[in-house]
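Engineer: fold the following for me, if possible:
(one chain, ligands or ions: 1)
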Amino acid sequence: MKRASIFRALLLVLLTCATSAGVLAQANRYARDPKQLVDEDYTKKIKEYTTEPFFLSPLVDYLPASKTVPTPKAVLGDIAGAPGTLPYTAEVHAYMRMLEKASPGRVKVFSLGKSEEGREMIAVAIAAEPVLAKLDENRARLAKLADPRTIKLDDAEADRLVQLSVPVYYIAGALHSPETGAPTSLMELAYRLTVDESPYIKAIRSNVITMITPVLETDGRDRQVDIYKWHLANPKDTWPPVIYWGKYVVHDNNRDAMVATLALTRNVIDFVVGQKVQVLHDLHESVPYLYDNTVGDGPYNAWVDPILTDEWQMLGWNNMSEMTKFGMPGAFAHGTFDTWSPGYLMFIGAMHNGISRLYETFGNAGADTVERKLQPNEFARTWFKQNPPLPKAMWSQRNNNNYTQTGLLTALSYFASNDKLFLKNFYLKSKRSILKPGVEGPAAYVLPADDARPGAQAEMLRVLQRQAVEISRATAPFSVTLPVKKARPRGEAEGGDKTAEAAAKPGDQKPDAKTEEKPKTETKQFPAGSYIIRMDQPYSRIADALLDHQYWSPNDPQKRPYDDTGWTFGELFNVQVVRVADAKVLDAAMEKVAGVTVPTDIKGTGAVFLVNNDADPSLLAFRYRLKGASFDVAEEPFEAAGRKFNRGSFIIRNAQTADVQAAGRELSLQAYSVESAPAVKVHPVKAPRVGYIHTWLNTQDEGWWRMEFDRLKIPYDYISTQVVAREADLRSKWDVLVFPPSGRGAQQIVAGMPMWRNPLPWKTTPLTPNIGKIDSTDDMRPGLGWSGLVNLEQFVRQGGVLIVAEDTSVLAGTFGLTPGLSVQQPTRLNAPGTVMRARIVDGASPIAYGYGGDLSIYSAPGLVLGVSNTLGGRGGGGRGADAGPSRPTGRGTADDMDQPQGRPVVTPLPEEPKVEAWQAARVTDDQLRNPLSVIPPEQRPRVVLRYGDASSLLVSGLLENGNEIAQRPAVVDVPLDKGHIVVFAHNPMWRGETQGTYGFVFNAILNFDQLNAGRKLDEK
Ligand SMILES: [Zn+2]
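Structural biologist: Next up, the predicted model:
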């Protein structure tokens, strides 16, 4: 070796030893400080409650002692993860505040806001004293890295800021209420990070600001703890499932990160964006023993920066590598979770230029220690699970806490060692988000000023603003160049009618394809006032991901999508959104918009008020706001006040201008006042009395409906299937019964839970103060029962309207409430949460008011409906696009007529008009001879909306065998005696995303006693 190179080698050694990362890279990265005092009592308990030595690691097999800082025992009475110990939200928070009080230099508690039920959410920041003292200065630097426009995209300045800054690693737990281990894990983790003087912990404190939200779903946590306490008090009994977690939804609180309808989601977005967080690490429990799904499986979300996917690999594999060295079984990184949907809470990090991470640890839904036996597929060794979980093991909450903390401590240590790298990546991702228009594009999305649905447009823009997306508005008309859309999108998934293009193999491209492929363009002008969502902004990715279309190939190796495959916002909000690649759009004259509003000042001075029906979800709420006024609804379009009004528009009398104005402002609706009412056919609409039915099986899906009823302040009585079973005269109390999907199937809705063993109470008691508030029962087990079915039928026969969707539609169809409508589950269709095209069939039906032509619906996968004019009939044409030639075997060509031999030619009957898949077959003269099973024309099902044609059914997501549902009815109004059952094949109210289809539900409610309006009856 030459002298120069020896010198370089020496220098390298010196440099390596001088950095903390270098020290930690040595033999025992996690060595304790020899002078570290240990809390012997606590440590003894850790070992006692851990069921096997290999369920422990050197990172958590002791608890450091502190003379001044209390351990979690101060609140819990025992150690974290002790059997039988599950703290309430308030206790967890109380401990975090004790920590802050005892160690103000290292701990700071933030309030994130409140839940729907008013429980506070917090985050605890932990860092070394010098870091915490300058938290604000640090955040100001992070803000510059988060928005590189502020430093003119100057990389040198970014490097300088990176060197001065400390990144934020944000850990959050207890989003899913029955996953109970995170709060105590995080209490103890917070304590360790505050007091432990091991070199690696000191490095974490100095190089990372760890932020912790110990309980995300605060309402659900308290209900879960109630149930656990009930279980401890009644150890021999089966315990009730936690039917409500948050006020509205159950596990879907982890699918809310797109629309951010829930308070907890909004609080987390505000915190992540406000604190400029680099990592959002969410804690869950399901599979043994620790699945770090940061690496997960494909397909990855198509809008994230590849720098992020690289970070997922680095963090995930390193984490498992460290756990492997501790000999902890069942820790793995690869798994079945795909990262396609941006709806997961952790994705708030991914979509705001940070990093998303998630652990699934193993838990017992409570703090009992129990023997857990696994399935062979869970304990088998696989390529990514070389030290798999054990076939059976005693499992304790302490084991869970050990795994969680060990994973997090190693992750934090790795992150601390690479703090500058991750900070630089944060800057690069932010910068690349701003450079989007000039690289992958698009340049912007434009929402035209002349959209027919200004209220829906404003609502969608407000969702984007909630995501911290900047919105601009054109101050003058502008034009851009757009590609001319091909008539039919490429790559349709349907089996039946593949186009030649889609069927072509990749290899057999024509030699002249290139010259033919020159894309055609057109110039499109947008009016002043159009909204522009520029992609040269730091949070362009979330806007792009939400507004773009999704395509999931049926040939994708991932056969089990983890969640919805399509969500395109413009389609589901029924709002025009134009993707513009032409960078010229960025030069249009525009100004940034603070709050998105629509004009609502009343135009005119007459005594009659007009409000257009554009299927805005607020229209129903408007009726309730002006309860005393008289409302007529136009059955035909009309012109007045110098503009056009759609069918279903309101004509309001006996209302004070000030009241109409106030309701319009609140609900973003524009009213016009005229001297006299237009001459148009009308019917009156009252403010209906709504009963809203839920089951005691599951409140997940109904919660999404209920949330929107509450948001719009639409009054209703919240009743369970048990009330429906008891109440013989439903009609005297309600005009409309809304029965959203239960997700558990028709039979179970009727049967309820098994009646064996003990009753399952859901009510407020001193032992369970947090449950029984939303609704209560002495026993959750009884279902709708036969009496409930009878009562529902009576309700409809007496003039009530019952609204059903998905499995409650199956219920109505299965138990004979829908004469002439067959309701079946698809057998081949694969559409796991897909956006599909649909078409209005009967625009004169009040249910379709405000709609026109085509729109998109969310369907997962949807029901196969068929209508018939006879009872027990096989429904309509049904064969749709599949229908082949109809002539029988015989002489001549396919178009010729057959001819029996040896007799003269007989003129055939005139051909019956074709019956489409959404139509009923015509009644034959033969059936009418004795029309026992022929449904009278006014009692026949009326199809309002149908699924699109197979060739254009797919809008976004995954669709296979779409021809099974193509052209089939999607919304059907089924008369039954004096009332109606409104049947949805799909779910029209889903996760706040499907605001474009709420109008069907709300129109049905509003026009409950006028649903036959505009109906054309069959002649026979
Ligand atoms: Zn979970």
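Engineer: could you pull out the strands for the stretch 601-750 of the chain?
Structural biologist: Ranges of strands in the stretch 601-750 of the chain, per DSSP state E, counting those that start in this stretch, are 608-611, 630-634, 638-640, 643-645, 650-653, 671-674, 682-685, 690-694, 717-720, 736-739.
Engineer: winner for burial among those strands?
Structural biologist: Sort the strands of the stretch 601-750 of the chain by mean neighbour count, taking mean count of other Cβ atoms under 10 Å, and strand 736-739 sits at the top with a mean of 27. Using the backbone N, CA and C atoms, a C-beta is placed for each residue, glycine as well.
Engineer: just the mean pLDDT for it, thanks.
Structural biologist: The pLDDT scores in strand 736-739 average 99.
Engineer: what's the spacing between it and its chain's center?
Structural biologist: 24 Å (Cα atoms, centre = their mean, to the nearest Å).
Engineer: I'd like to know which elements it is packed against.
Structural biologist: If you count contacts as 3 or more Cβ pairs under 8 Å, 6 or more residues apart in numbering; DSSP states H and E, strand 736-739 packs onto strand 690-694, strand 801-805, helix 998-1006.
Engineer: could you dump the strands of the stretch 601-750 of the chain into JSON lines with distance to the ion added?
Structural biologist: Formatted as JSON lines, the strands of the stretch 601-750 of the chain follow (distance: least, Cβ to the ion, whole Å):
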{"stretch": "strand 608-611", "distance to the ion": "43"}
{"stretch": "strand 630-634", "distance to the ion": "45"}
{"stretch": "strand 638-640", "distance to the ion": "52"}
{"stretch": "strand 643-645", "distance to the ion": "48"}
{"stretch": "strand 650-653", "distance to the ion": "44"}
{"stretch": "strand 671-674", "distance to the ion": "46"}
{"stretch": "strand 682-685", "distance to the ion": "43"}
{"stretch": "strand 690-694", "distance to the ion": "22"}
{"stretch": "strand 717-720", "distance to the ion": "26"}
{"stretch": "strand 736-739", "distance to the ion": "28"}
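Engineer: wait, which of those is closest to Asp582?
Structural biologist: When the strands of the stretch 601-750 of the chain are compared by Cβ to Cβ, strand 643-645 sits nearest Asp582, at 31.7 Å.
Engineer: in its sheet, what does that closest one sit against?
Structural biologist: According to DSSP bridges, strand 643-645 forms sheet pairs with strand 638-640 (antiparallel).
Engineer: Arg942 touches Lys1016, doesn't it?
Structural biologist: No - between Arg942 and Lys1016 there is no contact under Cβ atoms under 8 Å: 9.3 Å.
Engineer: who has more neighbours, these two?
Structural biologist: Higher neighbour count among Arg942 and Lys1016: Arg942, with 27 against 9, using other Cβ atoms under 10 Å.
Engineer: tell me the centre residue of the protein?
Structural biologist: For the chain, Arg255 is the residue whose C-alpha lies nearest the centre (Cα atoms, centre = their mean; 3.6 Å).
Engineer: please tell me how far it sits from Arg891.
Structural biologist: Arg255 is 61 Å from Arg891, where distance means Cβ to Cβ, to the nearest Å.
Engineer: now do Pro913
Structural biologist: From Pro913 to Arg891 the distance is 26 Å (Cβ to Cβ).
Engineer: got it, and Ala65?
Structural biologist: In terms of Cβ to Cβ, Ala65 sits 100 Å off from Arg891.
Engineer: between the two, which one's more packed in?
Structural biologist: Ranked by neighbour count (other Cβ under 10 Å), Ala65 and Arg891 place Ala65 first, with 17 against 10.
Engineer: which bits of this structure sit near the ion?
Structural biologist: 176, 179, 284 (Cβ under 5 Å from the ion).
Engineer: now the buried members of the residues you listed.
Structural biologist: Buried positions within the residues of the chain next to the ion, assessed by neighbour count (16 or more other Cβ atoms under 10 Å), are 176, 179, 284.
Engineer: SS state for the last one?
Structural biologist: Think His284. strand (DSSP: H, G, I helix; E, B strand; the rest coil).
Engineer: got the contact list for the residue nearest to the centre of the chain?
Structural biologist: 341, 343-344, 563-564, 991 (Cβ atoms under 8 Å, 6 or more residues apart in numbering).
Engineer: remind me which residues of the chain are low pLDDT?
Structural biologist: Applying pLDDT under 70 to the chain flags the ranges 1-27, 486-517, 873-885.
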